[in-house]
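>>> turn this into a structure:
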Amino acid sequence: MNAQRIGVIGSGLMGSGIAQVAAASGCNVVMVDVDQARVDAGLGNIAKRLRREAERGRTTSDAAEAAIARITASGDFDVLTSLRDVDAVIEAVVEDIDVKSALFRRLGEVCQPDALLSSNTSSLPLSDLAAASRRPERVIGLHFFNPPWALKLVEVVTTASTTDETLADAMQICERLDRVPVQVKDTPGFIANRLLVPFIFDAIHLLDSGVATAKDIDSACHVGLNHTMGPLATADLIGLDTLALIAESMFEEYGESRFKAPTLLRRLVSLGHLGRKTGRGFFRYE
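Take a look at the predicted model:
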């Protein structure tokens, strides 16, 4: 598959990050969000990150500006006609099955018949999105990790309807974007989150029970376990609201207490302390 034109739905941290990776890999990108102001803000964040990379010598100024120029921003979230001619779509919006299903229903109506339709969902049933599209054989999961421009892993998620051709096309897209794919079946949490979420929740329980401070819990993991980032800082990076949604989906599916969101996590979410994006979670950020 020659995926030269890629559509990305969502311009938040994940959506803009995926768009950035695609554009830096030479693809033309259409990035869509609910209104023009929001998608323009996402494009601005991409420009800042790429220019910062150029300043640090990780890319050239010419390459950064060329990547920025390959991204078109559109606010036609409700109709998605801007994605009519793309070769592949990567959806990266809120973890809400109704929102995502409505998007895939519309993608099935407006996209080319052979377009690859993919979701960045980290926990929701991909088979439901595939059914909504009415072309389930062309639907696949491409679960990128946060931040997408730094972490190369992509979980490639297949359903019973995914064809070999669709899987091959998804693998080619990962190769084109210089990502490392791992194939996984359509189960809540896939591989990484199914391992990560209970680990984070154990750290939250340690904090809530007064065993140690957030800083010392993360330092123990960083220094003692050789983790690049501690579990509580990782939770702040993911977003505590997103983490709670992921946990809710897995707990509903598996019914195991290790996937049940801790009281402290739910309390922080209700207070609006969602991690880095709000400036406060388990840690404070300037």
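
>>> tell me where the stretch 151-286 of the chain has helices.
164-176, 192-208, 214-219, 231-238, 240-254, 263-270 (DSSP state H, counting those that start in this stretch).

>>> can you map out the strands along the stretch 1-150 of the chain?
All strands of the stretch 1-150 of the chain, identified by DSSP state E, counting those that start in this stretch, fall at 5-9, 28-32, 71-74, 88-91, 116-119, 139-144.

>>> strands paired with the fourth one, and their directions?
What it means is strand 88-91. strand 5-9 (parallel), strand 116-119 (parallel) (DSSP bridges).

>>> output these in TSV; the columns should cover mean pLDDT, distance to residue 279 and mean neighbour count.
Just so you know, the C-beta spots here come from the backbone N, C-alpha and C atoms, and that holds for glycine as well. As requested, the strands paired with strand 88-91 are arranged in TSV below (pLDDT from 0 to 100; distance: least, Cβ to Cβ, whole Å; neighbours: other Cβ atoms under 10 Å):
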stretch	mean pLDDT	distance to residue 279	mean neighbour count
strand 5-9	98	26	28
strand 116-119	98	29	26
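
>>> hang on, the earlier thing: rank the helices of the stretch 151-286 of the chain by mean pLDDT and give me the bottom one.
Sorting the helices of the stretch 151-286 of the chain by mean pLDDT places helix 240-254 lowest, at a mean of 92.

>>> pull the distance from that one to the chain's centre.
15 Å (Cα atoms, centre = their mean, to the nearest Å).

>>> in it, what's buried?
For helix 240-254, the neighbour count (16 or more other Cβ atoms under 10 Å) marks 240-251 as buried.

>>> wait, doesn't residue 269 sit right on residue 235?
No: counting by Cβ atoms under 8 Å, residue 269 stays clear of residue 235, with 10.9 Å between them.

>>> looking at those two, which is more packed in?
Higher neighbour count among residue 269 and residue 235: residue 235, with 30 against 20, using other Cβ atoms under 10 Å.

>>> who does the lengthiest helix in the chain touch, helix- and strand-wise?
Counting by DSSP state H, the longest helix found in the chain is helix 36-55. Counting contacts by 3 or more Cβ pairs under 8 Å, 6 or more residues apart in numbering; DSSP states H and E, helix 36-55 packs against helix 13-24, strand 28-32, helix 61-69, strand 71-74.

>>> what's the longest one packed up against?
This means helix 13-24. Counting by 3+ Cβ pairs under 8 Å, 6+ apart, helix 13-24 packs on strand 5-9, strand 28-32, helix 36-55, helix 61-69, strand 139-144.

>>> any chance of those in a markdown table, with distance to residue 122 too?
Shown next, in a markdown table, are these (distance: least, Cβ to Cβ, whole Å):
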| stretch | distance to residue 122 |
| --- | --- |
| strand 5-9 | 15 |
| strand 28-32 | 20 |
| helix 36-55 | 19 |
| helix 61-69 | 26 |
| strand 139-144 | 6 |
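
>>> distance between stretch 184-192 and the chain's centre?
14 Å.

>>> who's in contact with that stretch?
122-127, 141, 143, 145, 153, 155-159, 182, 194, 197, 246, 249-250, 252-254, 259 (Cβ atoms under 8 Å, 6 or more residues apart in numbering).

>>> just the buried members of these?
The neighbour-count test (16+ other Cβ under 10 Å) applied to the contacts of stretch 184-192 identifies 122-127, 141, 143, 145, 155-159, 194, 197, 246, 249-250, 259 as buried.

>>> returning to that earlier point: okay if I get the strands paired with strand 88-91 as JSON lines plus distance to residue 24?
JSON lines is the format used below for the strands paired with strand 88-91 (distance: least, Cβ to Cβ, whole Å):
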{"stretch": "strand 5-9", "distance to residue 24": "12"}
{"stretch": "strand 116-119", "distance to residue 24": "19"}
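
>>> out of those, which gets nearest to residue 177?
strand 5-9 (8.8 Å; Cβ to Cβ).

>>> which other residues reach the closest one?
Contacts of strand 5-9 (Cβ under 8 Å, 6+ apart): 15, 18-19, 22, 27-33, 77, 80, 82-83, 85-93, 103, 173.

>>> do that again at 7 Å, thanks
Contact with strand 5-9 is made by 15, 18-19, 22, 27-32, 83, 85-93, 103, as judged by Cβ atoms under 7 Å, 6 or more residues apart in numbering.
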